[in-house]
Structures are given as C-alpha cells and as structure tokens.
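1. test case, fold it:
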Amino acid sequence: MDDGTQWGAGRLLARAAAADLCADERLAVAIDDFFLPAESRLDERSRSALGGTLAGLVSAVESAVRQHAARLLAARGEPALADALATGGPLVQDRLVSAGQLRDVELMRELVGRARQDVLAGALPVAAPEDPDRASLLARLIQNPDGVVAGAAMGLLAAESRRQGDPEAMATRTDLPAELHHRLTWLTAAALREHFADEAGDTLPVLDRALIDAALRSVSSHDEGDRLEAVAMRLAAALDARADELAPLLVETLADRRLSLFVALIAHALGLDYADAREIVLDPAGDRLWLVLRALELDRESIARIGLALSEADPRRDLDSFAEGLDGIAATPSATARAALMPLLLHPDYRAALLALGRRARP
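-> As a prediction, this is how the structure comes out:
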C-alpha cells in the first residue's frame, strides 16, 4: 500500500509540474497575442474560415490515403489491419499540429490568403445591374463566341462551385498547389504509419508499402490546373483585356462578386502570379492596390468604385482615408506608379531571396 501511495503521489507531482509548464506556455501565447498589432491579427471570420479550410484539406488527404491503403491491405491478405485503417475518426491533423508541421510558411500563406479571399468575396455588396435586362458577367462570358473564353468561363463557374458549394467534392480534393499537396500527402502517410505501427507489428513493412502506394496515387492524381486560382488565371489570359477594357471589367467583376477573377485580371495584366496579386488585393491598407490600378491606367471613377466596394466588404479598410486620398491616387502618373511597383515584378524567387537577406541584416 505504501508503494502504491508513493507511486500515486509521484504521478500527481509529475502532472502538477506539467501543468505549471503548460500554464507558462499559455501565458506566453496570450502575451504574444495581446501585443500583436491589430492589422496583423486574423479577424474572427477569417480565423473561422481558415480553421474550416485547414481541417477540410487534411481530412481530404487523410481519407484518400487511408481508404486506398485499406483496400491494398485487404487485397494483400491483411484484413484486420485494413479494417483498422479504414475505420475510426480522423487523427492526422492533431498529430501534424503537435509536431509543428502545419506551421509551414508556404502552406499557411496559401490557406490564409484563401480564407481571407473567401470572406471578402462573400461580403462584397450586391450591386444592382445598370441594365436589368443584361446577363451577369460570367453568364455573358460563357456565351462568348470565342470558344477559349467560353470554356475558361465555364471552368471558373465549375471551380467556384467545387470550392464554395460542393462539400462532397472538397472532401476528396485539396485544391492546393502541387508542391503543397505532395508535402501534405507524405506527412499524412507518415502520421498514419506512426499511429498504426504497433497494431501492424510484424506486418509493418506491408503497412509501409500500402501507405506509400496510396500516397503515390494521391500525388499522381492531383492536378493543380483544376484549382480555382489556376482556372481564373486561364480566363484572364483568354480575355487578355486591353487597357481600355480593363477598368470596366474590373469594376464589373466586383459587382458580380467574382473576386477570384478580379485578382486574376490584375495578375495577368501585371505579369504577377496569382498569390502575389491576391496579397495586394487583400491588404486592407490598399496603398499597393491603388498604385497597381494607376499603373494599369484606371481612371478616378473606376478606382473610386473599386475602393468603395472593397471598403463596404472589409471593415478593416478606412473609407474616409481612401476618400481623402482619392484625388492624390488619381493624380499619380501611370509611369510613376509602374516604377514604384518594379520590385513586385521581379522573379518571385529572386524577390524572396532579397527579402530574406533584408531580414537577416536587421539586428
């Protein structure tokens, strides 16, 4: 009885020490969170969207790998292990979080950008059409006599449906860039191996082979060309709007709540990749976006309509400040705006290297 008492006391002391450490860690996180500048903190809508997106992506990859690996194990004479792998709730996300593997900068850049874009697109004001008998922008593009434009517009409609309104489709695909999808797939396979290793016992090599084959299948079947962002870029390229066509087209994309196309049109016109253009559009300060619009020779009225629509959709934007600065924005020469944007137009890897060196140079 004495040994049992000592053992119980030891466990209690160990738990108490661990609780002290956890309390210190929680306090450190709370302090960091409190001192974050407001402009850097995710708002509740974006945080919720990000959480749902992340959970959906990891669940999609986990489900695909588990189900295919289970089928392979059953076919290879391991029905018990196959049943264990195929059943039970999701387990990968918690493991990847605890290992710090989801704090990947590129992954989170993509997911935060996607979450913020979805929130902003959903909040854009519904503008009454100037001509009530005129079809919406995307509907007109789908009927365009140019088959390339029509096909790309139909593709955008399908991609938006998959991303926003088809839970079954999103349960089986990540819509991630290929490199990020590959990385997440292999991390998922490793987490499953870790979890089921003890249950596999002597058949661990069989489990390894099944998980590897299932991961390779997921990697090889992923087509990043079907992503909403890629489809929007194809439509922007097919339209290839001239300078005089771009302003009304950008205004109408926002009125039609097609934010992905708005971003893609800017990216195509400037030669940026989609992620960089999205970052500029989503920045609540707006300064880079106003320079972009002037570099693309948009007039004062078009910039005003775009700024108003974005300000109504995003409470972080200062509409009064934008209104006060509108004359100065409109008066900025296009050549001056283009010169100011030159660093953004450098090769992305080159620009990232310059930024990395700049960060290291600070004390």
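2. CA only for contacts and neighbour counts going forward, please
-> Noted.
3. next secondary structure after the helix or strand harbouring residue 47?
-> Element membership of residue 47, judged by DSSP states H and E, is helix 44-75. Of the helices and strands lying after helix 44-75 in sequence (DSSP H and E), the nearest is helix 79-86.
4. what are the buried residues along that following helix?
-> For helix 79-86, the neighbour count (16 or more other C-alpha atoms under 10 Å) marks 81-82, 85-86 as buried.
5. likewise stretch 101-119?
-> Buried residues in stretch 101-119 (16+ other C-alpha under 10 Å): 102, 107, 110-119.
6. with stretch 42-60 instead?
-> The neighbour-count check on stretch 42-60 (16+ other C-alpha under 10 Å) flags 46-47, 49-50, 53-54, 56-60 as buried.
7. which of those residues sits closest to residue 291?
-> residue 46 (25.7 Å; C-alpha to C-alpha).
8. and the gap between the closest one and residue 306?
-> The spacing between residue 46 and residue 306, counted by C-alpha to C-alpha, to the nearest Å, is 21 Å.
9. could you do residue 154 as well?
-> For residue 154, the distance to residue 306 equals 25 Å [C-alpha to C-alpha].
10. helix or strand right after the helix or strand bottoming out on mean pLDDT in the chain?
-> Confidence across the helices and strands of the chain bottoms out at helix 167-170, with a mean of 50, counting by mean pLDDT, DSSP states H and E. Using DSSP H and E, the next helix or strand after helix 167-170 towards the C-terminus is helix 178-200.
11. stretch 235-255: how far from the chain's middle?
-> Centroid separation between stretch 235-255 and its chain, computed with C-alpha atoms, centre = their mean, to the nearest Å, is 24 Å.
12. which residue packs closest to residue 330, ignoring adjacent ones?
-> Excluding the flanking residues, the one nearest residue 330 by C-alpha to C-alpha, 6 or more residues apart in numbering is residue 300, at 5.1 Å.
13. and for the one you found, the neighbour number?
-> If you count neighbours by other C-alpha atoms under 10 Å, residue 300 ends up with 16.
14. tell me the phi and psi of it?
-> Phi and psi for residue 300, reported as degrees, to the nearest 10, are phi -60, psi -50.
15. got the contact list for it?
-> Taking C-alpha atoms under 8 Å, 6 or more residues apart in numbering, we find residue 300 in contact with 326-327, 329-330.
16. closest one to residue 290 out of the residues you listed, please.
-> Among these, residue 329 lies closest to residue 290 (C-alpha to C-alpha), at 6.6 Å.
17. how close does the closest one sit to residue 335?
-> Counting by C-alpha to C-alpha, the gap from residue 329 to residue 335 is 13 Å.
18. what does residue 59 give?
-> 48 Å.
19. same deal with residue 60?
-> Separation of residue 60 from residue 335 (C-alpha to C-alpha): 47 Å.
20. what do you get for residue 320?
-> Remark: distance between residue 320 and residue 335 (C-alpha to C-alpha) = 27 Å.
21. with residue 240 instead?
-> Separation of residue 240 from residue 335 (C-alpha to C-alpha) stands at 21 Å.
22. then residue 277?
-> Distance from residue 277 to residue 335, by C-alpha to C-alpha: 19 Å.
23. pLDDT at residue 322, what is it?
-> pLDDT recorded at residue 322 is 93.
24. what does residue 175 give?
-> As predicted, residue 175 sits at a pLDDT of 88.
25. OK, contacts around the closest residue to it other than its chain neighbours?
-> Residue nearest to residue 175 in three dimensions, not counting chain neighbours: residue 227, with 5.1 Å by C-alpha to C-alpha, 6+ apart. Residue 227 makes contacts with 159, 175-177, as judged by C-alpha under 8 Å, 6+ apart.
26. quick one: mean pLDDT for stretch 348-363?
-> For stretch 348-363, the mean per-residue pLDDT is 75.
27. stretch 231-244 too?
-> Rounded mean pLDDT across stretch 231-244 is 94.
28. nice, that's everything, thank you.
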